[in-house]
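Undergrad: fold the following and give me the result.
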Amino acid sequence: MAVPLYIPPCIHNPTSKHHLPPHDQPLRIQIEGPLVAIQRILPDIPWHLSLLNRTFPQPAGPELARLTYQQIYERDTCLEVAGDLMMRDEYLGWVPENVIDYYGVTFDHLVPLDEPNPEVLQINIIEIEDDNGADASTGLLFAVGLVEYIRKKVLAVPRCCQPNPRTPNQAHRTLTPNIRTVGGRAISRSVSNTDTYPAALLEHVSSGAAIFDWLDDLA
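TA: Numbering: from 1, shown residues only. Below is the predicted model:
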């Protein structure tokens, strides 16, 4: 059974301007976390990881983006509004070949395609069940009650409520999207600043561009 994604209120006073942002503000949103936590949110979504059937985005990508959008804006996406939710990128943390343990997506809300430096909301999914809350107890600026989350909901926390953010409301990695087309579909390809990757992802990806090598084979 799926459990809901949950983004708690900002702990700061005044609150961070992107936690949670107004509906009319252009914003690039990135959410990522351990695969095991994402699979609790989307237990029935398949993963196409073998070289022969790998797809962009993964089926989980648009669904994770949609659920995140709902949490941030407290409403469903609006198909009538151009650019209301546009998938831009995804991240796969490879363990061995064809297996991942970390996943993330980037999507835009009202960001013009030619905007080189949009404001960014970075959100990290926090795994609680596998380590009995150990990571949450050391990696957040607020206490997390295990009973509130285990088998009930998956915690996702913006950077402003985590220790030592690089700068307020700035992405922990630098993204420079370029729209490409593969198989008739518009997609984005990003060059990433690898020195800001989370440690869990750096263990499996030698460079930010490596996860996009397969796109070159498809183009």
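Undergrad: please count neighbours and contacts with C-alpha atoms only from this point.
TA: OK.
Undergrad: just checking, what packs against the strand or helix carrying residue 87?
TA: Assigned by DSSP states H and E, residue 87 falls within strand 86-94. Strand 86-94 sits against helix 60-73, strand 100-109, strand 185-192, helix 199-202, with contacts defined as 3 or more C-alpha pairs under 8 Å, 6 or more residues apart in numbering; DSSP states H and E.
Undergrad: go again with 6 Å.
TA: Secondary structure elements in contact with strand 86-94, counted by 3 or more C-alpha pairs under 6 Å, 6 or more residues apart in numbering; DSSP states H and E, are strand 100-109.
Undergrad: which residues touch residue 155?
TA: Listed by C-alpha atoms under 6 Å, 6 or more residues apart in numbering, the contact partners of residue 155 are 6, 125-126.
Undergrad: mind redoing it with 7 Å?
TA: By C-alpha atoms under 7 Å, 6 or more residues apart in numbering, residue 155 lies in contact with 5-7, 125-126.
Undergrad: the residue most central in space within the chain in helix, strand or coil?
TA: Centroid check for the chain by C-alpha atoms, centre = their mean gives residue 31 as the closest residue, at 1.9 Å. Classification of residue 31 using DSSP: H, G, I helix; E, B strand; the rest coil returns strand.
Undergrad: swap in residue 135?
TA: Secondary structure state of residue 135, per three-state DSSP, is helix.
Undergrad: count the neighbours of it for me.
TA: 13 (other C-alpha atoms under 10 Å).
Undergrad: quick check: it vs residue 105, distance?
TA: According to C-alpha to C-alpha, to the nearest Å, residue 135 stands 22 Å off from residue 105.
Undergrad: tell me where this protein has strands.
TA: 5-6, 27-34, 86-94, 100-109, 120-126, 154-158, 175-182, 185-192 (DSSP state E).
Undergrad: pairing partners for the first one, with directions?
TA: Read it as strand 5-6. Looking at strand 5-6 with DSSP bridges, its partner strands are strand 154-158 (parallel).
Undergrad: what angle separates the strand it pairs with from strand 27-34?
TA: 140 degrees (axes from the mean of the first three to the mean of the last three C-alpha atoms, to 10 degrees).
Undergrad: alright, calling it a day.
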